[in-house]
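Q: need a structure here:
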Amino acid sequence: MMIELKEINKDYHLGLETVHALRGVDLNIDNNEYVAIMGPSGSGKSTLMNLLGCLDTPSSGLYMLNGSDVSDMDDNALAEIRNREIGFVFQNFNLLPRASALHNVELPLIYNGTPSSKRRDLAEEALTKVGLKDRMHHRPNELSGGQRQRVAVARALVNNPSIILADEPTGNLDTRTGDEIMDLFETLHDNGNTIILVTHEEYIAEHSDRIIRLRDGRVERDEAV
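A: Predicted coordinates:
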């Protein structure tokens, strides 16, 4: 089992008020699954994404990721797990505007201490996988929205992570370009990647093999597509 969540609760304290963002979530995700997480605003999907991505820890419960208990790791240990296990793709691309596509993709390798001689080869390989070999020296403002998201996908791939975690990856793209990005995710999944997609768009979720629907911090439904 790649991901195992048991009785996960997440509370936020806002002044005198306590917000129960996740309430007893149980969830298993296997290697090479393609899962979409859906739910209305306030359902807990962003909180769940942050926990799955090791950007936050639960208030209580167990989170096992590839055999490691990450439920109560400190920030340094979480950062190490993130860099080794998880590739992130965000709605807003999160690219450095003055850096080339190649340098943007190299960033995770810089953080984990990969030698510079190896970094370039790995970044070029990742950009080739997403069809941007001929754009690697362009800056983000010289690329279309779809190309920028492809750079973001290449950056997510470059460490060969266990999981690609995509948060509304087509949210800033037109329908045709969004479909191209979803075709790319499908190819990555076919090549063995585990993909967890957070979206509010039903037609985007239907690209996955399984949809987990949250409501009021709980799993309301978990169904095959």
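Q: in the top helix by length along the chain, what counts as buried?
A: Within the chain, and with DSSP state H defining each element, the longest helix by residue count is helix 175-190. For helix 175-190, a neighbour-count test (16 or more other C-beta atoms under 10 Å) marks 177-182, 184-185, 188-189 as buried. For glycine as for every other residue, the C-beta is placed from the backbone atoms N, C-alpha and C.
Q: could you say what helices and strands it packs with?
A: Applying 3 or more C-beta pairs under 8 Å, 6 or more residues apart in numbering; DSSP states H and E, we find helix 175-190 packed against strand 34-38, helix 145-157, strand 163-167, strand 194-198.
Q: okay if I get the buried residues of helix 175-190 as a markdown table plus pLDDT and distance to N94?
A: Listed next are the buried residues of helix 175-190 as a markdown table, based on pLDDT from 0 to 100; distance: C-beta to C-beta, whole Å:
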| residue | pLDDT | distance to N94 |
| --- | --- | --- |
| T177 | 94 | 17 |
| G178 | 94 | 18 |
| D179 | 94 | 22 |
| E180 | 94 | 19 |
| I181 | 95 | 15 |
| M182 | 95 | 19 |
| L184 | 94 | 17 |
| F185 | 95 | 17 |
| L188 | 92 | 19 |
| H189 | 95 | 22 |
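Q: which stretches of this structure form helices?
A: 45-52, 75-85, 101-111, 116-129, 145-157, 175-190, 202-205.
Q: Relative to I212, which of those is closest?
A: Proximity to I212 (C-beta to C-beta) singles out helix 45-52 among the helices of the chain, at 8.6 Å.
Q: tell me the most buried of the helices of the chain?
A: helix 145-157 (a mean of 24; mean count of other C-beta atoms under 10 Å).
Q: tell me the mean pLDDT for that one?
A: Averaged over helix 145-157, pLDDT sits at 96.
Q: Now do it: everything it contacts.
A: 87-90, 93-95, 101, 104-105, 107-108, 123, 126-127, 129-132, 135, 138, 140, 143, 164, 166, 169-170, 172-174, 177, 180-181, 184-185, 188, 193 (C-beta atoms under 8 Å, 6 or more residues apart in numbering).
Q: what sits up against the lowest-mean-pLDDT helix or strand in the chain?
A: Sorting the helices and strands of the chain by mean pLDDT, DSSP states H and E puts helix 75-85 at the bottom, at a mean of 90. Contacting residues not belonging to helix 75-85 are listed as 53-55, 57, 65-66, 68, 70, 73, 108, 111-112, 159, 161-163 [C-beta under 8 Å, 6+ apart].
Q: Could I get the buried residues of helix 175-190 in CSV, plus columns for distance to T199?
A: Output for the buried residues of helix 175-190, formatted as CSV (distance: C-beta to C-beta, whole Å):
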residue, distance to T199
T177, 15
G178, 10
D179, 13
E180, 16
I181, 12
M182, 10
L184, 15
F185, 11
L188, 16
H189, 15
